[in-house]
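Visitor: missing the sequence, but the structure's below:
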């Protein structure tokens, strides 16, 4: 981050004793505790929604969370001379959630359930902000279109690298899977679901992973709400669980444990349980590998790409066994 951004701290009603660089940010020791100044690249209007949600959650004390500090002029963002926007927030100088500790992972999903119980706004506010609800069906259709585009590219490419040949060998299976899951989801989903989410003013954190789950005394605090979005709360649960399940070779025991931990605080409605099934069923990891490959330089393909593809194909049998065991009562 540009050191000139430190000068923006004068816009706030704080006394700064010391500053130091963090990951893409500036940490500030102040009379109001440790704060973090970060560049904000999102829509300036969205931070108003983010701040509104944070204030509501803070009032309940259900989960410790970050707070956004306003300037002396009551603004949520500040701009430097280059037009870059920055946000100043409270900061927790503690360790991240240990994803190798089963008990901490259970606590993390319980914390998520508590968070979800408070992440909602009245319908009139949602309409005033002009927010739209995320559509899982449209997202999958977009991914499928991208997958077909890269498939055609690979099929017509004359000279293929080792990775490209291996990718093409896996392509038919995962592309067919993506199409099937998308069609099944479209057949199951009800158009009113999106309207229901809007009516209820339901929001997700949008990036619920261990980097954003911080130990604070005997609880976990949640940070980085910049990607909060109107969607079914299982979006967050899926993201957190998928990463853990991939690392555990799709352990059925772990999956059951995490689902039970979440449901002990916020029971999952039947439709949300089914949506979670479809989110796990879609080959998102394959799409990510393909997307990263196609949108980066192809003159040199990192060995890590091949490793990820090998892990994905090697875990497919375990993943399908997990879906069968944990979601065995689900049917399109």
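Guide: Structure's in. What do you need? Predicted model only: the values in this text are computed from it and were never measured. Numbers count the residues shown, from 1 in each chain.
Visitor: and residue 206, which helix or strand is it part of?
Guide: Residue 206 belongs to no helix or strand when assigned by DSSP states H and E.
Visitor: tell me how far it lies from residue 190.
Guide: Distance, residue 206 to residue 190, by C-beta to C-beta, to the nearest Å: 23 Å. Bear in mind the C-beta positions are built from the backbone N, C-alpha and C, glycine included.
Visitor: what are the ranges of the helices in this protein?
Guide: 46-60, 102-118, 123-129, 136-156, 162-188, 192-200, 234-247, 252-263, 270-281, 284-294, 303-326 (DSSP state H).
Visitor: what helices or strands is the fifth one leaning on?
Guide: Spelled out, that is helix 162-188. On a contact count with 3 or more C-beta pairs under 8 Å, 6 or more residues apart in numbering; DSSP states H and E, helix 162-188 meets helix 136-156, helix 270-281, helix 284-294, helix 303-326.
Visitor: closest one to residue 211 among those helices?
Guide: Relative to residue 211, the nearest member of those by C-beta to C-beta is helix 284-294, separated by 17.4 Å.
Visitor: if we can go back for a sec, now render the helices of the chain as TSV, adding mean neighbour count.
Guide: TSV is the format used below for the helices of the chain (neighbours: other C-beta atoms under 10 Å):
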stretch	mean neighbour count
helix 46-60	16
helix 102-118	20
helix 123-129	13
helix 136-156	15
helix 162-188	16
helix 192-200	15
helix 234-247	20
helix 252-263	17
helix 270-281	19
helix 284-294	18
helix 303-326	15
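Visitor: check contacts around the residue minimising distance to the centre of the chain.
Guide: With distances taken as C-alpha atoms, centre = their mean, the residue of the chain nearest its centroid is residue 207 (2.5 Å). The contact partners of residue 207, by C-beta atoms under 8 Å, 6 or more residues apart in numbering, come to 224, 226, 227, 239.
Visitor: that older thread, wait, which of the helices and strands packed on helix 162-188 is closest to residue 53?
Guide: For residue 53, the closest of the helices and strands packed on helix 162-188 is helix 270-281, at 19.8 Å, according to C-beta to C-beta.
Visitor: coming back round to it: for residue 14, find the nearest of the helices of the chain.
Guide: Of the helices of the chain, nearest to residue 14 by C-beta to C-beta is helix 46-60, at 17.4 Å.
Visitor: show me what that closest one is packed up against.
Guide: Under the contact criterion of 3+ C-beta pairs under 8 Å, 6+ apart, helix 46-60 touches helix 102-118, helix 123-129.
Visitor: worst average pLDDT in those?
Guide: Comparing mean pLDDT across the helices and strands packed on helix 46-60, the weakest is helix 123-129, with a mean of 89.
Visitor: for that one, which outside residues touch it?
Guide: 45, 48, 49, 52, 198, 199, 200, 201, 230.
Visitor: go again using 7 Å as the cut-off
Guide: With contacts defined as C-beta atoms under 7 Å, 6 or more residues apart in numbering, helix 123-129 is touched by 49, 198, 199, 201.
Visitor: who are the contact partners of the third one?
Guide: Contacts here follow C-beta under 7 Å, 6+ apart; on that basis residue 199 touches residue 123.
Visitor: and the pLDDT at it?
Guide: On the pLDDT scale, residue 199 is placed at 89.
Visitor: got it, and the one 4 residues further on?
Guide: Residue 203 is assigned a pLDDT of 97 by the prediction.
Visitor: and for it, the neighbour number?
Guide: 27 (other C-beta atoms under 10 Å).
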